[in-house]
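How does the following fold in three dimensions:
(one chain, ligands or ions: 1)
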Amino acid sequence: MSSARHPSWRRSYRERAALPTVSPLAAYLLRLISIKKTNLCFSADVTTTAELLALAEEVGDSICILKTHADIVTDFNDRTMKGLQDIARKKRFLVFEDRKFADIGSTVQKQYAGGPQRIVRWAEITNAHILPGPGIVTALKEAAAGAIAAYNTAVHTEISASPTPSVDSDEADSPVLSDTSADMDRLSVARVADRKQSVVSISTTISTRTENISPHPTPDIEHEDGADTAALLDRLGDAPFQRSLLLLAEMSSEGHLLTGAYTAQCVAIARQHRDFVIGFIAQRSLNADDADNFITMTPGVQLPPPGKEAKKMGDALGQQYNTPRKIVLEQGCDVIIVGRGILYAADRKAEAERYRREAWQAYEERVGLLRS
Ligand code: S5P
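Model prediction:
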């Protein structure tokens, strides 16, 4: 079947979320996209935690995914992970660490779950090259399963500060601190210990999680145009604690080698792991079999400056750009990934909205909700 005519081109995100082969995290993402009306992923390629978190706040309402390169953030630490998670939960987007794994299974497991970044703990999505062979997918899936199991039986430590008459009023108002991991618990202990003169009672509770046990089903919420997005997102709730992988099937850079048989092999491997591989980094939809419902995420996207619409765009280092319209409408891609197009704008929030609108309109046209 020609990929240009694959049914996924005409199906809405919401319809695709309900198909039988969709994984719980893909279903959540597709429903989030549908409710928030955004198929924009922002690539936050910045070098400090402060910039990263400020950007997440600034553009969070306009995106479905925030993409990171943790290894360029010079002060990446627990605060970065926790900050990102908090903003993602508040603004409702997923986090995608663009790690591009490409080593043998045993090594990628350590890179994914260990090291200073412990990616599996805070990024719902990551990506990999298939250069080492299919074992890379199995290895990452196994590491993800380990992290999910650990999360679902996590040890919670609750620290509650008991206010006393001698404590300053802002201290007396301190909330119960409860975090989701042992490291963050240690941070909380430190924060409590820092308070002068406060009397704290520390009670330790070890429990098995009862909320958010994964995979918890995402509700399919009917929504009309003009519905209250915030209320719908509240009903959608938090993302299930699941992990997913994108395979790099094509790249945006000039002269890349991810072509022909290599790309086809990527698709074949993805089909063997539909529960974990939710899609591809590619420049066009690769859905071809009836059961295919892969999500295509596409970098190398920019809007041309006014008057330069016909000019080929790129940077001085081989990056090549297409417009959101070309990528979504003509190439059948599902999520546009935009970095510098938004990052270098004077008003990043407004620019993110402009990209969101462009990509959303192209999607509506593609699935027949809008006339071209
Ligand atoms: O083929 C690719 C794959 C990726 S993930 N081409 C890319 O540019 N990327 C990433 O997308 C790249 O690492 C960068 O983080 C982002 C594109 O950034 P921009 O500033 O060029 O939009």
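
so how far is residue 346 from the one residue in the stretch 51-200 of the chain that gets nearest to the ligand?
Ranking the residues of the stretch 51-200 of the chain by distance to the ligand (Cβ to the nearest ligand atom) places residue 98 first, at 4.7 Å. C-beta: built from backbone N, CA, C; applies to glycine. Remark: distance between residue 98 and residue 346 (Cβ to Cβ, to the nearest Å) = 25 Å.

Please identify which of these two sits among more neighbours.
Using other Cβ atoms under 10 Å, the more surrounded residue of residue 98 and residue 346 is residue 98, with 23 against 6.

Can you name the next helix or strand after whatever helix or strand the more buried one lives in?
Per DSSP states H and E: residue 98 is located in strand 94-101. Once the chain leaves strand 94-101, the next helix or strand it forms, by DSSP H and E, is helix 105-113.

May I have that next one as PDB, with CA atoms only?
What follows is helix 105-113, C-alpha atoms only, in PDB (Å, rounded to 0.1, in the frame of the first residue of the first chain):
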ATOM      1  CA  GLY A 105      22.200  -3.300  24.600                       C
ATOM      2  CA  SER A 106      24.200  -3.500  27.800                       C
ATOM      3  CA  THR A 107      25.600   0.000  27.400                       C
ATOM      4  CA  VAL A 108      22.400   1.700  26.400                       C
ATOM      5  CA  GLN A 109      20.600   0.200  29.400                       C
ATOM      6  CA  LYS A 110      23.200   1.900  31.700                       C
ATOM      7  CA  GLN A 111      23.000   5.200  29.700                       C
ATOM      8  CA  TYR A 112      19.200   5.200  29.800                       C
ATOM      9  CA  ALA A 113      18.700   4.300  33.500                       C
END
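
Show the average pLDDT along it.
Mean pLDDT, helix 105-113: 98.

Check which helices and strands it sits against.
For helix 105-113, the packing partners by 3 or more Cβ pairs under 8 Å, 6 or more residues apart in numbering; DSSP states H and E come out as strand 94-101, helix 119-122, helix 135-152.

In the chain, where's the longest helix?
helix 348-367 (DSSP state H).

Show me how far it is from its chain's centre.
Offset of helix 348-367 from its chain centre (Cα atoms, centre = their mean, to the nearest Å): 18 Å.

how big is the angle separating the strand holding residue 98 from helix 105-113?
Between strand 94-101 and helix 105-113, the angle comes out at 150 degrees (axes from the mean of the first three to the mean of the last three Cα atoms, to 10 degrees).

give me the number of residues near whichever residue of the stretch 201-350 of the chain sits closest to the ligand?
Using Cβ to the nearest ligand atom, the closest approach of the stretch 201-350 of the chain to the ligand is made by residue 339 at 2.6 Å. Neighbourhood size, residue 339 [other Cβ under 10 Å]: 21.

count of neighbours near the residue nearest to it when sequence neighbours are not counted?
Distances taken as Cβ to Cβ, 6 or more residues apart in numbering place residue 43 nearest to residue 339, at 3.5 Å, with adjacent residues excluded. Close neighbours of residue 43, defined as other Cβ under 10 Å, add up to 21.

What of residue 245?
21.

That one pairs with what?
residue 126, residue 277 (DSSP bridges).

Around the ligand, pick out the residues from the protein.
Within the chain, the positions near the ligand by Cβ under 6 Å from any ligand atom are 43, 45, 69, 98, 251-253, 281, 299-300, 319, 337-341.

and with 5 Å instead?
Neighbours of the ligand within the chain, by Cβ under 5 Å from any ligand atom: 43, 45, 98, 251-252, 299, 319, 339-340.

Name the spans of this protein whose pLDDT lies under the cut-off.
Counting by pLDDT under 70, the low-confidence segments of the chain come to 1-4, 155-217, 371-372.

where does the residue in the stretch 1-150 of the chain that the ligand sits nearest to fall, phi/psi-wise?
Nearest residue of the stretch 1-150 of the chain to the ligand: residue 43, at 4.1 Å (Cβ to the nearest ligand atom). Residue 43 adopts backbone torsions of phi -100, psi 100, taken as degrees, to the nearest 10.

how about it, what does it touch?
By Cβ atoms under 8 Å, 6 or more residues apart in numbering, the contact list for residue 43 reads 67, 98, 299, 337-339, 343.

Taking those, tell me the two that lie furthest apart.
Spatially, the most separated pair among those is 98 and 343, at 14.3 Å (Cβ to Cβ).

rewinding a little: between the contacts of residue 43, which is closest to residue 79?
When the contacts of residue 43 are compared against residue 79 (criterion: Cβ to Cβ), the nearest one is residue 67, at 19.5 Å.

Make sure the closest one is indeed in a strand.
Yes - counting by DSSP: H, G, I helix; E, B strand; the rest coil, residue 67 is found in a strand.

wouldn't it be in contact with residue 42 here?
Yes - counting by Cβ atoms under 8 Å, residue 67 touches residue 42, with 6.8 Å between them.

the more surrounded of the two?
For residue 67 versus residue 42, neighbours defined as other Cβ under 10 Å are more numerous around residue 42 (32 against 24).

Please identify which helix or strand holds that one.
Assigned by DSSP H and E, residue 42 falls in strand 40-43.

If you count contacts, what does the helix or strand following that strand end up packed against?
Moving toward the C-terminus from strand 40-43, the next helix or strand (DSSP H and E) is helix 49-59. Under the contact criterion of 3+ Cβ pairs under 8 Å, 6+ apart, helix 49-59 touches strand 65-68, helix 78-91, helix 348-367.
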